[in-house]
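In: Provided below are the primary sequence and the corresponding predicted coordinates.
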Amino acid sequence: MGLEDRRDLETDVYQPAEDSHLLASAVLEHLSVDETDLVLEVGTGSGYVAGRIDAETDARVVAADLNPHAVRQARTDGLEAVRADLVSPFADEAFDAVVFNPPYLPTDPDNEWDDWMERALSGGEDGRAVIDPFLEGVGRVLATGGVVYLLVSSLTGVDEVAAQAGEAGFSAVSVADESFPFETLTILALYR
């Protein structure tokens with residue numbers, strides 16, 4: 001990979017941060033899978049979370065992102081990666097677990113800019129512009145008995161997201177959280 005390609009990844013792909021580490025740790029602590037299980041990470045960004053799951057479990061892991069630079073980085077790092085808008089291209093009931101660190105920062109539409117990093121961060125005015133359609137569609141690709149691990153910020157409204165998950169047919173359980181100066185991050189496990 002050339003210097004210019006690396007620069008693209010640094011400016012166009014969400015790299016691991018506190019939220020990535022919390023999500024990976026929570027998933028690895030709570031996920032029970034074997035070599036026949038299939039795990040999907042939606043919005044993989046750098047591929048950090050998918051890479052940890054791939055390295056530390058026997059499951060087959062698929063990393064997906066709308067950002068072509070993120071897909072390229074995940075593939076370069078040895079992950080099975082596909083370009084996808086949320087869960088739209090995947091088969092019904094294909095995954096035993098789905099993991100998602102969505103764009104969740106509430107953003108004033110007048111202050112948004114149009115690039116890949118903005119898409120990785122901005123959750124629209126209420127922080128749920130990507131979370132809500134994800135919750136509406138993820139049940140279709142989840143196998144019977146499967147689980148969704150979703151990272152949610154207090155800036156987005158954990159109770160509001162849990163209520164939306166309930167409307168989509170899930171029960172939500174908090175399995176991890178961590179407080180930072182401006183927000184608390186919570187990992188919700190969603191079950192049908």
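Out: Thanks, I have the structure now.

In: Sticking with Ala129, tell me its helix or strand.
Out: Take DSSP states H and E as the rule and Ala129 turns out to sit in neither a helix nor a strand.

In: and it, how many neighbours?
Out: 18 (other Cβ atoms under 10 Å). Where you see a C-beta, it was placed from the backbone N, CA and C, and this is true even at glycine.

In: cool, the one 5 residues further on as well?
Out: Number of residues near Phe134 (other Cβ under 10 Å) recorded here: 21.

In: in which helix or strand would I find it?
Out: helix 131-141.

In: Give me the buried positions along that helix.
Out: Going by neighbour count (16 or more other Cβ atoms under 10 Å), the buried part of helix 131-141 is 131-132, 134-135, 137-139, 141.

In: so for that helix, what's the average pLDDT?
Out: Regarding helix 131-141, the rounded mean pLDDT is 97.

In: What is the subsequent helix or strand relative to the helix or strand containing Arg75?
Out: Arg75 is part of helix 68-76 when elements are defined by DSSP H and E. Where DSSP H and E defines the elements, the next helix or strand beyond helix 68-76 is strand 80-83.

In: Dump that following strand to PDB, keeping only the CA atoms.
Out: Extracted as PDB, the C-alpha positions of strand 80-83 are listed here (Å, rounded to 0.1, in the frame of the first residue of the first chain):
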ATOM      1  CA  GLU A  80     -13.600 -10.800   4.500                       C
ATOM      2  CA  ALA A  81     -15.100  -7.400   3.600                       C
ATOM      3  CA  VAL A  82     -17.900  -6.200   1.400                       C
ATOM      4  CA  ARG A  83     -19.300  -2.800   0.400                       C
END
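
In: Past it, which element shows up next along the chain?
Out: Criterion used, DSSP H and E; the element after strand 80-83 is strand 95-100.

In: Longest helix of the protein, counting residues only.
Out: In terms of residue count, the longest helix belonging to the chain (DSSP state H) is helix 18-30.

In: ok so, going back, name the residues that touch the helix holding Phe134?
Out: With Cβ atoms under 8 Å, 6 or more residues apart in numbering as the test, helix 131-141 has contacts from 40, 42, 86-88, 90-95, 98, 100, 102, 104, 123, 148, 150, 152, 156, 161, 164-165, 167-170, 190, 192.

In: Relative to the whole chain's centre, how far out is that helix?
Out: 12 Å (Cα atoms, centre = their mean, to the nearest Å).

In: now the following helix or strand past that helix: how far from the chain's centre is it?
Out: Using DSSP H and E, the helix or strand that directly follows helix 131-141 along the chain is strand 142-153. From the chain centre to the centre of strand 142-153 is a distance of 10 Å (Cα atoms, centre = their mean).

In: got the angle for strand 142-153 vs strand 95-100?
Out: 10 degrees (axes from the mean of the first three to the mean of the last three Cα atoms, to 10 degrees).

In: What strands line up against strand 142-153, and which way round?
Out: strand 95-100 (parallel), strand 184-191 (antiparallel) (DSSP bridges).
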